[in-house]
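Peer 1: structural data only, the sequence is not supplied:
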């Protein structure tokens with residue numbers, strides 16, 4: 001029990017040496033398993049501790065992580081055992097990355113393409129070399145659009161040719177280089193093809 005623990009839900013956890021970094025509904029927590037103590041985080045001036053719901057982590061470099069939250073993308077870095085939370089320099093010129101709610105994201109191996117899952121607004125594609133941003137959402141009349149705007153998880157298939165998207169209304173597969181989805185929905189009648197549930201989390 002610690003007064004540093006905020007929030008009631010743990011969404012993501014990652015390990016760095018003996019430190020456990022945790023994304024919670026009340027902020028970030030960093031716990032050292034050797035000292036059994038929480039490590040303080042150095043916040044930038046505009047940030048209010050406990051005011052952001054953090055969702056997931058991705059490694060962006062040595063001792064550098066991007067963290068998805070309900071208030072955009074943050075960057076956590078470690079320098080000489082200290083942790084610093086800021087906004088990513090690469091994203092500062094694009095307001096969408098500090099205003100929207102993000103669940104998670106994936107990127108190509110060479111870092112030239114990113115796919116971000118928005119909490120209620122679909123999928124965001126970003127190509128840094130080309131300075132391209134494309135917003136993909138569910139369209140009622142378009143069967144090749146994303147099957148739902150609530151994105152729970154994004155991943156690659158085994159040969160990285162498709163982006164796999166779990167949503168609140170089924171499962172979508174996007175072939176890289178296209179804007180058309182193949183969708184898989186819950187079964188309507190017993191014994192018929194389809195998913196067991198509309199909610200796909202992993």
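Peer 2: Sure, I can see it. For clarity, every value in this text was computed on a predicted model and none was experimentally measured.
Peer 1: what does the pLDDT read for the residue most central in space within the chain?
Peer 2: Nearest to the geometric centre of the chain sits residue 104, at 1.1 Å (CA atoms, centre = their mean). Looking at residue 104, its pLDDT stands at 94.
Peer 1: tell me which strands the helix or strand that contains it pairs with, and in which orientation.
Peer 2: Assigned by DSSP states H and E, residue 104 belongs to strand 102-107. Note on strand 102-107: by DSSP bridges, its sheet partners are strand 114-118 (antiparallel).
Peer 1: chain center to stretch 153-164, what's the gap?
Peer 2: On the basis of CA atoms, centre = their mean, to the nearest Å, stretch 153-164 sits 15 Å off its chain's mean C-alpha point.
Peer 1: in it, which residues are buried?
Peer 2: 153, 154, 156, 162, 163 (16 or more other CB atoms under 10 Å). In short, each C-beta sits where N, CA and C put it, glycine included.
Peer 1: for stretch 8-16, same thing?
Peer 2: 11, 12, 14.
Peer 1: circling back to that earlier point, distance from the chain centre to the strand holding residue 104, please.
Peer 2: Strand 102-107 sits 3 Å away from the centroid of its parent chain (CA atoms, centre = their mean).
Peer 1: contact partners of it?
Peer 2: The contact list for strand 102-107 (CB atoms under 8 Å, 6 or more residues apart in numbering) reads 55-56, 58, 66, 68-70, 72-73, 113-119, 151-156, 163.
Peer 1: which among these count as buried?
Peer 2: For the contacts of strand 102-107, buried by 16+ other CB under 10 Å: 55-56, 58, 66, 68-69, 72-73, 113-119, 151-154, 156, 163.
Peer 1: closest to residue 50 out of the buried residues of stretch 8-16?
Peer 2: Distance to residue 50 across the buried residues of stretch 8-16 (CB to CB) is lowest for residue 11, with 14.9 Å.
Peer 1: thinking the closest one is in contact with residue 25, fair?
Peer 2: Yes - under the criterion of CB atoms under 8 Å, residue 11 makes contact with residue 25 at 7.2 Å.
Peer 1: so what sits against both of the two?
Peer 2: 53, 54.
Peer 1: so where's the protein shaky on pLDDT?
Peer 2: Low-confidence segments of the chain, defined by pLDDT under 70: 1-6.
Peer 1: could you redo the last one with a cut-off of 80?
Peer 2: Along the chain, segments meeting pLDDT under 80 span 1-8, 49-50.
Peer 1: thinking again about what came up before, give me the phi and psi for the closest residue in space to the residue nearest to the centre of the chain that isn't next to it in sequence.
Peer 2: Leaving aside its sequence neighbours, residue 104 sits nearest to residue 56 (CB to CB, 6 or more residues apart in numbering; 4.3 Å). Backbone torsions for residue 56, taken as degrees, to the nearest 10, come to phi -160, psi 160.
Peer 1: also residue 88?
Peer 2: According to degrees, to the nearest 10, residue 88 has phi -60, psi 130.
Peer 1: I figured it hits residue 72, correct?
Peer 2: No - under the criterion of CB under 8 Å, residue 88 makes no contact with residue 72, lying 9.4 Å away.
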